[in-house]
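# Quick one, fold the following:
(chains A and B)
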Amino acid sequence: MWTFIHKLGSPKWCYTLCGRLQPGFWAAAALLLCVGSVWALGYSPRDYQMGDSYRIIYVHVPSAILAQSIFIAMAVASAVLLVWKIKVADMAARVMAPFGAAMTFLALFSGSLWGVPTWGTWWTWDARLTSMLIQLFLYLGVIALRGAFGSADQGAKAVAVLTLVGVVNIPIIKYSVVWWNTLHQPATFTLTQPPAMVASMWMPLLVMVLGFYCFFIALTLYRLRNEILRRESRTRWVQELAD
Amino acid sequence: MPRSTTGMKFTDEERSLAPVAGTTIGLSAVWRAQVKRELALARRRGGDLLNPLLFLALVVVLFPLGISPQPDLLAEIAPGLLWVAALLAMLLSLDALFRTDFADGSLEQLLLSPQPLPLLCLAKVFVHWLLTGMPLALCAPLMGVLLSLPGTGYLTLAASLALGTASLSLIGAIGAALTVGLPRGGVLLSLLVLPLYIPVLIFGAGAVQAAIQGGGTAPALALLGALLALAVAAAPFAIAGALRISVNG
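Model (predicted):
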């Protein structure tokens, strides 16, 4: 186990491992997303209140879940960078950030589209919308801070500190906003209770969530390989690879 | 008691800077020396003290001009408005927190000092709060008069600002430390720090709203205190880490 983790720290080894894992995750993502979309759009029942518009949930919830998971994954990578000085962890954090921001935006955008038929407005200052918007700003801050540093190593550590500060603050922001104002329906999936929806509705949702995760992992592996090549472009093994 | 070559006793300040074994001093002396240094610097700079207050006053003046001078309307938005204006004043003052020390090299000396860096950072932030947050908390009620803030809100406004600006100083100092080495860190600093300010704003403005509506202010003030406790415990370490990254790379 420990040797496996130590090996992960070597860019070259990580590069080959990513290459080996990648096809499996791409295939799983394609399969799950296709099955999930067809099931969700074609076969799951209509909602008796919201009609067909509720089907936005099949994009909205997976992207919202990913938006939060990716920030936590970035925080773990940042902690690994600061504690063990493993450069691959920073490369992973770097390639995850834009996708996380995109997922946050997608959750906000799909939520706003959903808001029109159900709440009758594009935007409302509801707690979960607001905390998602703030999370988007945190993502953008992380990306902007990295862009501002000329030296990659210095930028990496600064971004790691900011990510850790951000991850401590996300629950605080979330609960402060919840106490401030809430209108949103409660979370669809929680670990402690069975879902309130019927199985034929939440099963495709679960498939979609898993599909989004697989897509995220596959894309991260792909981009991580590129990032490794870019940062290690001076080393011999990359140059041999290029020749 | 160590003596200098001239036969005079070392002052606390001199000893706190001496990295020689045997001359280490207590943490409270380190704290006092650092606070004294910051206060002396602030006294010599002078004008910077007044700027955040003027900024607060100017922002407050803009709103009746921009929205409406009707007292009813102003009274309704006054708590949030005063809080937002004070928050922005704090934000603007942050950029200078480490910049002069970084420019003249004394920040490097701070990092080299054998004393715990988080404590030194905490002392710096404490003085920043004392000279920016505290005056803002004392002056905001005056601005409340301009916005016809209802009478029950004044005490809570001052109390919530005094508590809240301390958290703002601590959180903001993390951002200031991260951006101190960057040539144009000012706008970036706001981008990094403002999202983190939101809980403080919510509870601070909420306390004043509650006071005006006759509700209990204790819960919101207690939450502000809790945020401050967390910030005092955790932020100095993040500030110290960020300074090391910014200075040493």
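# Quick check: buried residues in the top helix by length along chain B?
Ranked by number of residues, the top helix in chain B under DSSP state H is helix B:218-248. Buried residues in helix B:218-248, counted by 16 or more other C-beta atoms under 10 Å in any protein chain shown: B:220-221, B:223-224, B:227-228, B:230-231, B:234-243, B:245-247. Using the backbone N, CA and C atoms, a C-beta is placed for each residue, glycine as well.
# which helices and strands sit right next to it?
Contacts defined by 3 or more C-beta pairs under 8 Å, 6 or more residues apart in numbering or on different chains; DSSP states H and E place helix B:218-248 against helix A:152-180, helix B:96-104, helix B:106-112, helix B:117-128, helix B:154-179, helix B:185-212.
# got the angle between it and helix A:152-180?
If you take axes from the mean of the first three to the mean of the last three C-alpha atoms, to 10 degrees, helix B:218-248 sits at 170 degrees to helix A:152-180.
# centre of the chain versus helix B:218-248, how much separation?
11 Å (C-alpha atoms, centre = their mean, to the nearest Å).
# That helix relative to helix B:117-128, how many degrees between them?
Using the same axes, to 10 degrees: helix B:218-248 against helix B:117-128 is 120 degrees.
# For helix B:218-248, give the mean pLDDT please.
Helix B:218-248 comes out with an average pLDDT of 93.
# List, one by one, the residues from chain A near chain B.
Counting by C-beta under 8 Å from any C-beta of the partner chain, the positions of chain A adjacent to chain B are A:82, A:134, A:137-138, A:140-141, A:144-145, A:148-149, A:151, A:153-154, A:157-158, A:161-162, A:164-166, A:168-169, A:172-173, A:176-177, A:179-180.
# tell me the most buried of the helices and strands packed on helix B:218-248?
Greatest average neighbour count among the helices and strands packed on helix B:218-248 goes to helix B:154-179 (a mean of 26), per mean count of other C-beta atoms under 10 Å in any protein chain shown.
# That one close to chain A?
Yes - residues of helix B:154-179 are located near chain A by C-beta under 8 Å from any C-beta, namely B:Ile174, B:Leu178, B:Thr179.
# separation between the residue of chain A found nearest chain B and B:Leu87?
Here chain A gets closest to chain B at one residue, A:Ser176, 3.8 Å apart by C-beta to the nearest C-beta. Counting by C-beta to C-beta, to the nearest Å, the gap from A:Ser176 to B:Leu87 is 14 Å.
# quick one: the spatially most central residue of chain B and B:Leu136, what's the gap?
Central residue of chain B (C-alpha atoms, centre = their mean): B:Ser169, 2.9 Å from the mean position. Separation of B:Ser169 from B:Leu136 (C-beta to C-beta): 11 Å.
# and the strand or helix carrying A:Val142, what does it pack onto?
In this assignment (DSSP states H and E), A:Val142 forms part of helix A:127-148. With contacts defined as 3+ C-beta pairs under 8 Å, 6+ apart, the secondary structure elements packing on helix A:127-148 are helix A:57-84, helix A:87-118, helix A:152-180, helix B:154-179, helix B:185-212.
# how about TSV for these, with distance to A:Leu17 added?
Compiled in TSV, those are given as follows (distance: least, C-beta to C-beta, whole Å):
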stretch	distance to A:Leu17
helix A:57-84	16
helix A:87-118	10
helix A:152-180	21
helix B:154-179	32
helix B:185-212	34
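# Ok, which of those helices comes nearest A:Pro23?
Checking the helices and strands packed on helix A:127-148 against A:Pro23 by C-beta to C-beta gives helix A:87-118 as the closest, at 18.3 Å.
# So which elements touch the closest one?
helix A:11-38, helix A:57-84, helix A:127-148, helix A:152-180, helix A:199-231.
# Stretch B:208-215: how far from the chain's middle?
For stretch B:208-215, the distance to the chain centre is 26 Å (C-alpha atoms, centre = their mean).
# Same check on stretch B:192-207?
Distance, centroid of stretch B:192-207 to centroid of chain: 14 Å (C-alpha atoms, centre = their mean).
# model confidence over it, on average?
On average, stretch B:192-207 scores 93.
# Same check on stretch B:93-111?
90.
# next one: stretch A:20-30
Mean predicted confidence for stretch A:20-30 is 94.
# again, but for stretch A:219-235
92.
# Could you check the angle the longest helix of chain B makes with helix B:185-212?
Going by the same axes, to 10 degrees, helix B:218-248 is angled at 170 degrees with respect to helix B:185-212.
# the inter-axis angle of helix B:218-248 versus helix A:57-84?
Using the same axes, to 10 degrees: helix B:218-248 against helix A:57-84 is 50 degrees.
# what's the neighbour count on A:Trp202?
19 (other C-beta atoms under 10 Å in any protein chain shown).
# re the thing from before, and for B:Ser169 and B:Leu136, which residues touch both?
Counting by C-beta atoms under 8 Å, 6 or more residues apart in numbering or on different chains, the residues touching both B:Ser169 and B:Leu136 are B:Met90.
# Now the helix or strand harbouring A:Thr3 - C-alpha only, CSV.
For A:Thr3, the enclosing helix or strand under DSSP H and E is helix A:2-8. This file holds the C-alpha atoms of helix A:2-8, laid out as CSV (Å, rounded to 0.1, in the frame of the first residue of the first chain):
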residue,chain,number,x,y,z
TRP,A,2,2.7,2.5,1.1
THR,A,3,4.9,1.7,-1.9
PHE,A,4,1.9,2.3,-4.2
ILE,A,5,1.4,5.7,-2.7
HIS,A,6,5.1,6.5,-2.9
LYS,A,7,5.1,5.5,-6.5
LEU,A,8,2.2,7.8,-7.2
